[in-house]
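Q: quick one, structure for this:
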Amino acid sequence: MRSAMMQALMIQTTTATEADAETIAEELLAEGLAACVQIAAIRSRYVWKGEVQREAEQLLSIKTRADLWEPVRARIRALHSYEAPEVIALPVTDIDPDYLAWVEGVTRRP
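A: Residues are numbered from 1 along each chain as shown. Take a look at the predicted model:
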């Protein structure tokens, strides 16, 4: 374990379609904003404008550095089709040092 934790983040967002998820993932990777993006099909239930919504969505789990939070958030917002997309940063409280070194090595400096 590295002494300086919080160097990595896992950012989560959802999209309406697989194509939207692929676009966001590919852009984040191409721009060096993410080291890895996992995409999984999920079923979501949420309240939107006073109504319960039942939707199939794609969940993106984005691995990146903590200092890239703002550029990643801004890029997701720019690419996203939702009016108010979920963009949540989950702090990494512990991480394998080799994995952290890889994340740091393949992402760009802000």
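Q: which residues touch residue 106?
A: Neighbouring residues of residue 106 by CB atoms under 8 Å, 6 or more residues apart in numbering: 32, 35. Every C-beta, even on glycine, is put in place using the N, C-alpha and C of the backbone.
Q: quick check, pLDDT for it.
A: Predicted confidence (pLDDT) for residue 106: 95.
Q: residue 58 now?
A: With respect to pLDDT, residue 58 scores 98.
Q: in CSV, list the C-alpha atoms belonging to the helix ranked longest in the chain.
A: Criterion DSSP state H: the longest helix present in the chain is helix 18-30. Taking Å, rounded to 0.1, in the frame of the first residue of the first chain, the C-alpha atoms of helix 18-30 are listed here in CSV:
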residue,chain,number,x,y,z
GLU,A,18,-24.4,0.9,-25.2
ALA,A,19,-23.3,3.2,-28.0
ASP,A,20,-23.2,6.2,-25.6
ALA,A,21,-21.2,4.2,-23.0
GLU,A,22,-18.7,3.2,-25.7
THR,A,23,-18.3,6.8,-26.9
ILE,A,24,-17.6,8.1,-23.4
ALA,A,25,-15.2,5.2,-22.6
GLU,A,26,-13.3,5.5,-25.8
GLU,A,27,-13.0,9.3,-25.5
LEU,A,28,-11.8,9.2,-21.9
LEU,A,29,-9.2,6.5,-22.8
ALA,A,30,-8.0,8.3,-25.9
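Q: show me what it packs onto, helices and strands only.
A: Contacts defined by 3 or more CB pairs under 8 Å, 6 or more residues apart in numbering; DSSP states H and E place helix 18-30 against strand 8-15, strand 36-48, strand 51-65, helix 69-79.
Q: give the buried residues for that helix.
A: Residues of helix 18-30 classed as buried by neighbour count (16 or more other CB atoms under 10 Å): 20, 21, 24, 25, 27, 28, 29.
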